[in-house]
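# next input, structure requested:
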Amino acid sequence: MDELAVARAELARLEDTERNLVKQLSDVRIAAAAERKRIDELIQERPPIIQRLPIELLSSILHLALRGPNPSRKKILACVSRHWRDLILEQPSFWSTIEIGGEQNLGRVRERLEKCREAPLDVTIRDEPSSSYETIREGLGLLVPCASRWRSLTWNKMPKPARQFIMDHIDGIKFPSLKCVKLESRSPIPSFLSPANVPVLEHLEVRNEDVYSNLCPLLGCNSLLSDHIPVLTLVTLSLSGYVLLSGVELPNSVHFPVLETLEIDLRNAGDLFKAIVTPKLRSLQYTLHSDDPLSTDLSGLEDKFGSVKQVSFSIPFDSLDTSDALALCRAFPNVCHAEFRSDSPLYVFFSPCEGVGALQAPAGYWRSLDSLAFLDIDPDMWLEPPIRETNALVEWLVVRQDQRPLCVCINGFSTSDEDIGSLCMLYEILQEYCTVELKDIRLWPESELSKSVDSGLQLHVPMFTSGLADDIGAVVGGIGKSGQASYQ
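This next block holds a predicted model:
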């Protein structure tokens, strides 16, 4: 075969390859167009982004947004999308919070009862000057037949006639699903909270809100706590504003087998501490009273509350002494986190005292202590110079510096101009012996703001120590040891 024939054969082969490639390209383009169309169709078929959250997660988010009985929030959220509207309208749990009294429309109560179907009910009863007993009576008439579904009950402070009116309607009613009760009262614990009526109650808060008397008895004469509340099921218990009658409860006679959190603001609370047995108690909030002899009330309790890991002491008087502090620390020896809210000089917890031996101070009994928090403390208790020599907390931290390091939080006091230098010094000293947290400390320092043509904005705070300025600089940037902040 000559060269011409070879060239023609090669050309024919190439042209054939070209036709095949063109056809293949055409097929690819057709297939790509089909896939593009399919993708567009799939995108159109997918729900909008606002509808892609799982129903359970979206329901949880909406429940957080709709806490409380305010119906306008529900209407606003229902307008966001059809999906949200359908979810809110169709989920019974969005209609289970029901309020009676005040200006509440009973027609709205009926609507909620219809829409919530068989969902558990969260009931709030309010008595306001504009309320009528007829409104409360009719509301209770709608809700009492559903008592088996009540999950929580809240009522606010109200006059004794209104409270008695409610009690007359619910006394003797059984609430087999009621788990949470919050009451503001002006009389002893109501009888409907007996174990027979609320057999699964887990959370109970009863407060005496009578500002004219703090001597209202917690229980009636010769009444026992275990007869009035379901001690076997309570996980959290809060009692405040009452006086506990002396000698009624015998030591170790009231068993709370699952109680984990206890909040106490009672006169004569020592009898309660002696009477209760709480093997799972973890957290205690205790408001002390000046006429309660703590050193006597809490004596002999060293082995009783070993499970308590967190305490919060409110001390609204200035006469706490070392024996009281020692009694508190001994009664709760395994504390890991302690919080103080006090008008009393807290040095009694941290000063060496007789009878403690090598522990040096009452707080030394807390061998497992991890953190201390001081809330709304008078700055004068902390900032009296010279701090290193006169501050009992600092001295105690120095003594215990070989033990586990502490976190110390100072929360919420206001300083004057003359206090700022002392505060900065306290901060510097505490940093040597513990981790320091400052929260809501209101400062009023003398400061100067300046800016020249050749420099950025500068803030000069002469009261700030170099350590505090450096720590602030770590947050906002550009602050050096001179106490100057530069912002370009």
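# next, E184: secondary structure please.
When classified by DSSP: H, G, I helix; E, B strand; the rest coil, E184 comes out as strand.
# scratch that, R67 is what I was asking about
Quick answer, by three-state DSSP: R67 is coil.
# for the protein, longest helix please?
Looking across the chain with DSSP state H, the single longest helix is helix 3-45.
# for the record, mean pLDDT for stretch 158-169?
Taken as a whole, stretch 158-169 has a mean pLDDT of 76.
# and for stretch 77-95?
Rounded mean pLDDT across stretch 77-95 is 86.
# one more: stretch 324-339?
For stretch 324-339, mean pLDDT is 92.
# can you check stretch 182-197 too?
The model assigns stretch 182-197 a mean pLDDT of 85.
# pull out the buried positions in that stretch.
Using 16 or more other CB atoms under 10 Å as the test for burial, stretch 182-197 gives K182, L183, E184, S185, R186, P188, I189, P190, F192, L193, S194, N197. C-beta coordinates here come from the backbone N, C-alpha and C atoms, glycine included.
# also stretch 285-303?
Quick answer for stretch 285-303 (16+ other CB under 10 Å): Q285, Y286, T287, L288, H289, D292, L294, S295, D297, L298, L301.
# I'd like the buried residues of stretch 182-197 as TSV, with distance to L237 appended.
Shown next, in TSV, are the buried residues of stretch 182-197 (distance: CB to CB, whole Å):
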residue	distance to L237
K182	12
L183	13
E184	16
S185	15
R186	20
P188	15
I189	11
P190	15
F192	17
L193	11
S194	15
N197	17
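# now, which of the residues you listed sits nearest L232?
Nearest to L232 out of the buried residues of stretch 182-197 is S194 (CB to CB; 12.1 Å).
# so what's the closest one up against?
Contact analysis of S194 by CB atoms under 8 Å, 6 or more residues apart in numbering lists D227, H228, I229, P230.
# which one of those residues has the most neighbours?
I229 (24 neighbours; other CB atoms under 10 Å).
# pull the number of nearby residues for L64.
Using other CB under 10 Å, L64 has 8 other residues around it.
# in whatever helix or strand it lives in, which residues are buried?
Under the criterion of DSSP states H and E, L64 resides in helix 55-65. Buried positions in helix 55-65, judged by neighbour count with 16+ other CB under 10 Å: L58, S59, L62.
# pLDDT of it, averaged?
87.
# ok and the helix or strand following that helix relative to helix 55-65, angle-wise?
Per DSSP H and E, the first helix or strand lying C-terminal to helix 55-65 is helix 71-78. Orientation check (axes from the mean of the first three to the mean of the last three CA atoms, to 10 degrees): helix 71-78 against helix 55-65 gives 140 degrees.
# format the CA atom coordinates belonging to helix 71-78 as CSV.
Output of helix 71-78 as CSV, limited to C-alpha atoms (Å, rounded to 0.1, in the frame of the first residue of the first chain):
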residue,chain,number,x,y,z
PRO,A,71,-51.1,33.2,74.1
SER,A,72,-49.7,36.0,72.0
ARG,A,73,-46.3,34.2,71.7
LYS,A,74,-48.0,31.1,70.4
LYS,A,75,-49.8,33.2,67.7
ILE,A,76,-46.5,34.9,66.7
LEU,A,77,-44.7,31.6,66.3
ALA,A,78,-47.6,30.0,64.5
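# which outside residues touch that helix?
Contacts of helix 71-78 (CB under 8 Å, 6+ apart): L62, A65, L66, W84, R85, I88, L89, F94, R108.
# from the buried residues of stretch 285-303, which land in strands?
Judged by DSSP state E, the buried residues of stretch 285-303 include Q285, Y286, T287 as members of strands.
# can you say which helix or strand has the residue nearest to the second one when sequence neighbours are not counted in it?
Translated: Y286. The shortest distance from Y286 to any non-neighbouring residue, by CB to CB, 6 or more residues apart in numbering, is to I264 (5.2 Å). Assigned by DSSP H and E, I264 belongs to strand 261-267.
# each with direction, which strands does that strand pair with?
Strand 261-267 has the following sheet partners, assigned by DSSP bridges: strand 236-243 (parallel), strand 283-287 (parallel).
# buried residues, the first one. List them.
Along strand 236-243, these residues count as buried under the neighbour rule (16+ other CB under 10 Å): L237, S238, L239, S240, G241, Y242, V243.
# for that strand, what is the average pLDDT?
Strand 236-243 comes out with an average pLDDT of 88.
# the helix or strand hosting V206 versus strand 236-243: what angle between them?
Following DSSP H and E, one finds V206 within strand 203-208. Relative orientation of strand 203-208 and strand 236-243, computed by the same axes, to 10 degrees: 10 degrees.
# contacting residues around strand 203-208?
Looking at strand 203-208 with CB under 8 Å, 6+ apart, the contacting residues turn out to be 179-187, 189, 193, 214, 216, 229, 234-242, 263.
# got phi/psi on L426?
phi -60, psi -40 (degrees, to the nearest 10).
# tell me, how many residues neighbour P333?
P333 has 16 neighbouring residues, counting by other CB under 10 Å.
# I figured it hits W366, correct?
Yes: the criterion here is CB atoms under 8 Å, and P333 meets it with W366 at 7.0 Å.
# let me have the strands paired with strand 261-267 in TSV, adding distance to F256 as columns.
Shown next, in TSV, are the strands paired with strand 261-267 (distance: least, CB to CB, whole Å):
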stretch	distance to F256
strand 236-243	7
strand 283-287	12
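# and of these, who's closest to I276?
Nearest of those (CB to CB): strand 236-243, 9.4 Å.
# what residues does that closest one touch?
188, 202-210, 214-218, 229, 256, 259-268, 285, 287.
# mark which of those are buried, thanks.
Buried among the contacts of strand 236-243 (16+ other CB under 10 Å): 188, 202-208, 210, 216-218, 229, 256, 259-268, 285, 287.
# picking that back up, of the buried residues of stretch 182-197, which is the nearest to Y433?
Closest approach to Y433 among these (CB to CB): K182, at 41.5 Å.
# who are the neighbours in contact with that closest one?
The neighbours of K182, taking CB under 8 Å, 6+ apart as the test, are S152, L153, T154, W155, E205.
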